[in-house]
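Asks: structure, please.
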Amino acid sequence: MALQLSGIMSQTSGQKPIRSQILQDIRNALLGNIAQPDLSAQLEALSDGQRQHVLQMAKLIRSGGNGNKSWRDAVRSMYPRMQDTQAQIIAALLEDIDPVGPASIQLELDLPEPKPNQWEGLPPIESLIGAEPYTYTPKPRDLPIIDRREQVAQIATTPSAEPNSQDAFLSSITPAAKQVAQELGIDPRIILAQAALETGYGKAMKGNNLFGIKSHGKADGLMVATHEVINGKSVPVTDSFRQYDTLEDSVKDYGAFLKSNPRYAEMLKAQDLDQQIIKLGQSGYATDPEYADKIASIAKGKRIGGLL
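Replies: Numbers count the residues shown, from 1 in each chain. The predicted structure is shown next:
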């Protein structure tokens, strides 16, 4: 069946067809005899309030442009929840007045004039109240790793709120310390100071190990998480440490450990407390570079001095 586009194809020379007639001819050609409501009829069927609403929505949508899309897509893009009937009327209205997209027709919107910035030109608030501008400086998130020996040293070198507990700890190992010191030929104060430093006067003691002596391959070692200073930095380590039945056993093993290890020979040859502490620090007994200074501070304190 041939399409009857008389409104478009049969126009006479010099005659320009009416726009609405062209649209109607195309609709008739595409839809055949199916009756479709005319846009004018759809608008006339609306109440005055509904027509005013459609007009305002059309103005808003057209002012935003269609972005090279059809007006139907533009309406759905801006108002996806709009009722189908209303969306169709608005899209048809926009297509009717501007079939190629936003053009030169300007639809005026009854929008209020923008208010001027009432704060513009005013001086900064800091200058009005005489305060310095605040600059936020975030605190560093990386916290330093604290050596366990350093924690213990802080306990050992800080006056305790419970001095009797520290005195009781030192008193419990003093007889064994004297005996071992006599066998080694060293000052007993260095033994007591090491025990206090390594355990925080007994508060950080594992397996009755008073001197932090590692297992060195011996069986029945106790795995302990601690820290050591490596290349100037305190790093967490887990190692096997010796454990004892009693504190006296720990003191005796300390003496045997020093005598059997050549690195402590110079310490055992030293004649006084100061030299013994210096040689102990040089021997590498601990990785803490301030170990000798901490031992000296405790060994020469009144608490140990009062026991000997």
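
Asks: low-confidence stretches in the stretch 101-250 of the chain?
Replies: 101-163, 219 (pLDDT under 70).

Asks: which ones are touching S283?
Replies: Residues near S283 by C-beta atoms under 8 Å, 6 or more residues apart in numbering: 263-264, 266-267. Every C-beta, even on glycine, is put in place using the N, C-alpha and C of the backbone.

Asks: at 10 Å what do you get?
Replies: Shown in contact with S283 (C-beta atoms under 10 Å, 6 or more residues apart in numbering): 258, 261-267, 291-292.

Asks: how close does it sit to Q50?
Replies: From S283 across to Q50, the span is 98 Å (C-beta to C-beta, to the nearest Å).

Asks: repeat for L184
Replies: To Q50, L184 is 107 Å away according to C-beta to C-beta.

Asks: also D38?
Replies: On the measure of C-beta to C-beta, D38 and Q50 end up 17 Å apart.

Asks: higher neighbour count, L184 and Q50?
Replies: The neighbour comparison of L184 against Q50 (other C-beta atoms under 10 Å) goes to L184, with 20 against 13.

Asks: correct me, but the more buried one touches V251?
Replies: No - counting by C-beta atoms under 10 Å, L184 sits too far from V251 to count as a contact (11.1 Å).

Asks: got any residues that touch both of the two?
Replies: With C-beta under 10 Å, 6+ apart, L184 and V251 have common neighbours I191.

Asks: which ones are touching K206?
Replies: 199, 212, 222-226, 241-243.

Asks: ChimeraX command to pick out the buried ones of the residues you listed?
Replies: To isolate the buried ones among the contacts of K206 in ChimeraX, judged by 16 or more other C-beta atoms under 10 Å, type:
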select :199,212,224,226,241,242,243
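
Asks: now intersect the contacts of K206 with the strands, please.
Replies: If you go by DSSP state E, the contacts of K206 have 222-226, 241 in strands.

Asks: dump those residues into CSV; add distance to S172 as well.
Replies: Putting the ones in strands among the contacts of K206 into CSV (distance: C-beta to C-beta, whole Å) gives the following:
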residue, distance to S172
L222, 21
M223, 26
V224, 22
A225, 26
T226, 24
F241, 20
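
Asks: pick the one among the residues you listed closest to T287.
Replies: T226 (10.3 Å; C-beta to C-beta).

Asks: is that closest one in a bridge, and if so with what?
Replies: Assessed by DSSP bridges, T226 has beta-bridge partners V237.

Asks: ok, it touching G212?
Replies: Yes - at 8.0 Å, T226 counts as touching G212 under the criterion of C-beta under 10 Å.

Asks: nearest spatial neighbour of A296, skipping sequence neighbours?
Replies: I277 (5.0 Å; C-beta to C-beta, 6 or more residues apart in numbering).

Asks: mind listing what's buried along the one helix or strand Q275 maps to?
Replies: Element membership for Q275 (DSSP states H and E) is helix 273-283. Neighbour counts over helix 273-283 (16+ other C-beta under 10 Å) mark 273, 276-281, 283 as buried.

Asks: so the residue nearest to A296 makes contact with A292?
Replies: Yes - between I277 and A292 there is a contact under C-beta under 10 Å: 5.3 Å.
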